[in-house]
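> Just the structure for this:
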Amino acid sequence: MTPVHFTPASSRGWIAFSTESRVLVVGASVDDAFVEAVWSALRADDALQRSLDLLTGKGLSATPPFALLDWSAVSGSLRVIVRGDVTVALTGAADESLSGTGVSTWIERLLDEVTSAVVTVDGALAAETPALPLVSGAAWISSLTVAVAEPTPFAEPTPVAEPTPVAEPVDATAAPVAEPTPVAEPEAPVATPTTAEIDIEATVSDAPSEGIDSLETSAEGYDYAFGDTMYRSVADAAVRDGSEEAPTAEASVDPVGDHDGHTVLTSDIAKLRGRRRPKTQAAPVQPAAQTVTLVLSNGAREPLTQPILVGRSPSVSQVSGDKMPRLITVGGADQDISRTHVRFVLEGDTVVVTDLHSRNGTTIAMPGKEAQKLRAGEPTSVIVGTVVDLGGGVTLTVDED
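The predicted structure follows:
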């Protein structure tokens, strides 16, 4: 469990919500409905997206200042999103300080090897109390410290030794026990019926003659009473559409056995059903969906599940669609990179890159092709393996997970 400690605020403090893997500090007046909505969003599987949707639900101009921290105990990475008058001081492999003062949207960073993060609310007055733990809950704070735990290495399971079989003691003086000899069961005699036991006359019964005596038979049989009997083969009686050719007489006659050509055989029915039964086709196997990822120069990986804006201090002027863009800050104070330099978006299965009228432009290099410079404001489709160069040694590579 990652320890979180806070210093209470005596005035002008912000409310902080803390769970086992993320912290949200908000500088706004709150009510019961807002508290319940934030608490539900922070405990969801897609907590980052749901929290941003909640904060920006009334538009960017009405979005309150906030600081959102999300860390992973497995990889040890820390994601920090800052907006407004709040500062996050990071300690680790490289100390860094992030502030949202003067930024129209927010600043978002994904960092590795961070050991602690201190969130300080600008202008808040701290109460004269020691730092208090905040594992899971909410409190009004002036500052807050998160001690990010180091990633836990995977431990190999200890093999369990199989039990050694224990030999039963053998009494050498005991006489061996002979196995019982199986006794064959006597076969039941089969009774052979004799001629005296069978009453042949008892098995014969007279057929009813009522109604039959009134009909006189002739050499032609009973056709005089019912008319000539009409015979049709199974193939002729089968219902067929216009496109199906009529079967020949040879096909409808079974050459094997005593077949008069008019009797309905099960083989004929099976053949007719086989002609009319549609052939089943196996459903095509759909390939597993791949997740497109942007690999930054420092090795960080950003999934392209929503539009991404990259620059020295990116901001959002307008939002199109139902997803808020993710902001990635790169380059630091490098003036070769514009504040909002380039945009990445996934349209269907295609990655589209757009240079947002940057100062020094954007260059792309697709696999097996020469590098080319993007036209400002013109969306360009790229493929996996494309390297997008913003200048100043900052690159982003399109990859798949």
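> How about the contacts made by the closest residue to residue 338 other than its chain neighbours?
Distances taken as Cβ to Cβ, 6 or more residues apart in numbering place residue 358 nearest to residue 338, at 4.0 Å, with adjacent residues excluded. For the C-beta atoms, the positions are set from N, CA and C on the backbone; glycine is no exception. Going by Cβ atoms under 8 Å, 6 or more residues apart in numbering, residue 358 touches 311, 337, 338, 341, 342, 376, 390.
> Nearest to residue 124, out of the residues you listed: which one, please.
residue 311 (30.1 Å; Cβ to Cβ).
> Let me know the secondary structure of the residue nearest to residue 338.
coil (DSSP: H, G, I helix; E, B strand; the rest coil).
> separation between it and residue 82?
23 Å (Cβ to Cβ, to the nearest Å).
> go on, residue 338?
Counting by Cβ to Cβ, the gap from residue 338 to residue 82 is 20 Å.
> one step back: which pLDDT value goes with the residue nearest to residue 338?
At residue 358, the pLDDT value in this model is 93.
> was I right about residue 341 contacting residue 315?
No. Using Cβ atoms under 8 Å, residue 341 is not in contact with residue 315, being 11.5 Å away.
> so what's residue 345 bridging to?
For residue 345, the beta-bridge partners under DSSP bridges are residue 352.
> For it, grab the count of nearby residues.
19 (other Cβ atoms under 10 Å).
> can you pull the contacts of it?
Contacts of residue 345 (Cβ under 8 Å, 6+ apart): 304, 307, 308, 351, 352, 354.
> at 10 Å instead, please
304, 306-309, 320-321, 323, 325, 351-354, 379 (Cβ atoms under 10 Å, 6 or more residues apart in numbering).
> now residue 14
24-28, 30, 64-67, 84-86, 119, 121-122, 124, 139-144.
> run the last query once more with 6 Å
25, 27, 121 (Cβ atoms under 6 Å, 6 or more residues apart in numbering).
> how many neighbours does the last one have?
Going back to what we said before, that points to residue 121. Neighbours around residue 121, by other Cβ under 10 Å: 26.
> Which residues does it form beta bridges with?
Counting by DSSP bridges, residue 121 is bridged to residue 86.
> show me the contacts for it.
Counting by Cβ under 6 Å, 6+ apart, residue 121 makes contact with 14, 86, 142.
> Just the closest of these to residue 291, please.
residue 86 (31.7 Å).
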